[in-house]
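Peer 1: Sequence below, structure please.
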Amino acid sequence: MDLPVSPLAPERFPVLPKVGGIELTTHSLGLYKGKVRDDLLVVHFPQGASVGGIFTNSSTRSDDVDWCRAALKAGGGRARVLVVNTGNSNAFTGAAGIAKNRATIASAVKKSGCTDHEVFVSATGVIGEPLPAHIVSGGVETVWEKLGAPDWEKVANCIRTTDTFAKASGEIVDLNRRNVAIVGVAKGSGMIQPNMATTLNYMFTDANLGPKVCQALISKLGDLTYNCITVDSDTSTSDTLLFFATGAAGGEPIDNPDDPRLEGFIEAMHRVLLDLATQIVRDGEGATKIIEITVEGAASDASAKTIACSIANSPLVKTAIAAGDANWGRVVMAVGKTAEPVERDRISLWFGDHLVAKDGARAADYSEEKATRTVSGQEVFIRVDVGVGRGTARVWTCDLTDGYVKINGAYRS
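Peer 2: Alright, predicted model coming up:
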């Protein structure tokens, strides 16, 4: 399915720093019928890497997710190989899914000389279609001699499905008087509401970080970024966010997540993850607008997030924004349906910097013209104070257009 590039896409693919300790390649297995494109990514860490990860909470999760969770625990957070295929999610495939992973892991172990639990696998695409075990494993053996310096644009394009543009971000940051690189690539456009988005995401750094640090940082920062986006409220069977640290930049290893030397690195990693997460929203299937929703005055941060997600996932809110209709009453509806603690007669609501409602009623100086103007551009900001406490949350979503229906109606066509 050839789709036009999202109007919210970045102007160009970013210039990304070199990350030491990584070699990789992409390859076409032919999983996209009638279309020649790369659908296999193989990453090798010759000297090994620390790894942390977060995954979908779906009860119908893929066998790949199950394997990665088990490998993180059994392998002590060490990695040597990552294998990703697109075009088939390897989810809800029973014994065939397990066999595919076993064959893939065996090939990676044979080529790298590592243990089973140092191999991580991911897959995305159609759910419920068995993939013959030899296809991905054979691909690993075929491409191993082609491993080389990362071409991040090829990587980001390889892991796409209905994405209309390749997603990546990166920074160089000073850590303990050494320049270290952070690079992330992501895919995702629909079936997006991470509960840890369909989304696969991989972060790489050459910082010398231990496994406990990798896990702590990806858990904390993933919750502030990927767990704060939604396109359509649907949680994928395959959501995976893995963070690899090769240590190739050298320096004293950092094994404590609370080490004060990490402050600048954490800030940079947060920026990279948030950039990737919001790129996914900007590529929401059929999207023409990105919407930032802030909820304040809630009973707790968790309550604020529930309310914010209710607004973000409301088809009535999203279609109104798509049409440039400042129908703020739909936001009020979405706040009230959550059953979270709110004080109806103290609720205030802003579209952009225009106060549209105050103390449970339309604001005295409400202007339909001003409100309409705030929802007519490509970036829309909604803020709500529910008047009961100090809890806050911010989430990002996109509008809902007929493009979403067309894309998903034709997904398997």
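
Peer 1: What strand or helix carries the spatially most distant residue from the centre of the chain?
Peer 2: Centroid-distance maximum for the chain: residue 364 at 40.7 Å, with C-alpha atoms, centre = their mean. Using DSSP states H and E, residue 364 sits within no helix or strand.

Peer 1: for residue 335, same thing?
Peer 2: When secondary structure is defined by DSSP H and E, residue 335 falls within helix 328-336.

Peer 1: That helix: what's the following helix or strand?
Peer 2: Counting by DSSP H and E, the element after helix 328-336 in chain order, helix or strand, is strand 348-351.

Peer 1: what lines up beside the helix or strand following that following strand in the sheet?
Peer 2: Per DSSP H and E, strand 348-351 leads on to strand 354-358 as the next helix or strand towards the C-terminus. If you go by DSSP bridges, strand 354-358 pairs up with strand 348-351 (antiparallel), strand 361-362 (antiparallel).

Peer 1: Just name the most buried of those strands.
Peer 2: Of all those, strand 348-351 carries the top mean neighbour count, a mean of 21, counting by mean count of other C-beta atoms under 10 Å. The C-beta positions use only the backbone N, C-alpha and C, and glycine is treated the same way.

Peer 1: any low-confidence regions in the stretch 301-413 of the chain?
Peer 2: 410-413 (pLDDT under 70).

Peer 1: switch the cut-off to 80
Peer 2: Along the stretch 301-413 of the chain, the model assigns pLDDT under 80 to residues 407-413.

Peer 1: Next one: residue 253 relative to residue 19, how far apart?
Peer 2: Residue 253 sits 17 Å away from residue 19, going by C-beta to C-beta, to the nearest Å.

Peer 1: Same check on residue 222?
Peer 2: To residue 19, residue 222 is 19 Å away according to C-beta to C-beta.

Peer 1: Run through the neighbouring helices and strands of the helix or strand where residue 103 lies.
Peer 2: Using DSSP H and E, residue 103 sits within helix 94-112. Secondary-structure packing of helix 94-112 (3 or more C-beta pairs under 8 Å, 6 or more residues apart in numbering; DSSP states H and E): helix 63-74, strand 78-86, strand 119-124, helix 133-143.

Peer 1: Report the angle between that helix and helix 63-74.
Peer 2: Here helix 94-112 points in a direction 50 degrees away from that of helix 63-74 (axes from the mean of the first three to the mean of the last three C-alpha atoms, to 10 degrees).

Peer 1: returning to that earlier point: so which of the helices and strands packed on helix 94-112 is nearest residue 296?
Peer 2: Judged by C-beta to C-beta, the one of the helices and strands packed on helix 94-112 that comes nearest to residue 296 is helix 63-74, at 34.5 Å.

Peer 1: in the closest one, what's buried?
Peer 2: 63, 64, 65, 67, 68, 71, 72 (16 or more other C-beta atoms under 10 Å).

Peer 1: Repeat that for stretch 286-302.
Peer 2: Within stretch 286-302, the residues that count as buried by 16+ other C-beta under 10 Å are 286-300.

Peer 1: what does stretch 167-175 give?
Peer 2: So, applying 16+ other C-beta under 10 Å, buried residues of stretch 167-175: 167, 168, 169, 170, 171, 173, 175.

Peer 1: Residue 170 belongs to a strand?
Peer 2: Yes - assessed by DSSP: H, G, I helix; E, B strand; the rest coil, residue 170 belongs to a strand.

Peer 1: any idea how far residue 273 is from it?
Peer 2: Residue 170 is 11 Å from residue 273, by C-beta to C-beta.

Peer 1: what about residue 121, how many neighbours?
Peer 2: Neighbour count for residue 121, taken as other C-beta atoms under 10 Å: 24.

Peer 1: Surely it is in contact with residue 97?
Peer 2: No - under the criterion of C-beta atoms under 8 Å, residue 121 is not in contact with residue 97, lying 10.5 Å apart.

Peer 1: For those two, list the residues in contact with both.
Peer 2: residue 64 (C-beta atoms under 8 Å, 6 or more residues apart in numbering).

Peer 1: ok, which stretches of the stretch 101-250 of the chain are strands?
Peer 2: Applying DSSP state E, counting those that start in this stretch to the stretch 101-250 of the chain gives strands spanning 119-124, 167-175, 178-188, 199-205, 240-245.

Peer 1: now those strands as CSV including mean pLDDT and distance to residue 396?
Peer 2: Output for the strands of the stretch 101-250 of the chain, formatted as CSV (pLDDT from 0 to 100; distance: least, C-beta to C-beta, whole Å):
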stretch, mean pLDDT, distance to residue 396
strand 119-124, 95, 21
strand 167-175, 97, 14
strand 178-188, 94, 12
strand 199-205, 91, 13
strand 240-245, 95, 16
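
Peer 1: Just put those in CSV and tack on distance to residue 381.
Peer 2: CSV is the format used below for the strands of the stretch 101-250 of the chain (distance: least, C-beta to C-beta, whole Å):
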stretch, distance to residue 381
strand 119-124, 31
strand 167-175, 22
strand 178-188, 22
strand 199-205, 24
strand 240-245, 26
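
Peer 1: Could you look over those and pick the most buried one?
Peer 2: With neighbours defined as mean count of other C-beta under 10 Å, the strands of the stretch 101-250 of the chain peak in mean count at strand 199-205, which reaches a mean of 29.

Peer 1: what residues does it touch?
Peer 2: 19, 22, 43, 82, 84, 122, 124, 159, 180-188, 192, 218, 226, 236, 238-246, 269, 272-273, 276, 280.

Peer 1: redo that, cut-off 6 Å
Peer 2: Strand 199-205 is contacted from outside by 19, 122, 124, 159, 180, 182-188, 239-245, using C-beta atoms under 6 Å, 6 or more residues apart in numbering.

Peer 1: partners of the strand ranked longest in the chain, with directions?
Peer 2: The residue-count maximum for a strand in the chain (DSSP state E) belongs to strand 40-55. Strands that pair with strand 40-55, judged by DSSP bridges, come out as strand 23-27 (antiparallel), strand 78-86 (antiparallel), strand 240-245 (antiparallel).

Peer 1: picking up where we left off before, so for residue 253 and residue 19, which residue has more residues nearby?
Peer 2: The residue with more neighbours, out of residue 253 and residue 19, is residue 19; 24 against 14, by other C-beta under 10 Å.

Peer 1: Please tell me I have it right and the more buried one contacts residue 179.
Peer 2: No - contact criterion C-beta atoms under 6 Å: residue 19 and residue 179 do not qualify, at 11.6 Å.

Peer 1: Identify the residues contacting residue 208.
Peer 2: With C-beta under 6 Å, 6+ apart, residue 208 has these contacts: 247, 251, 253.
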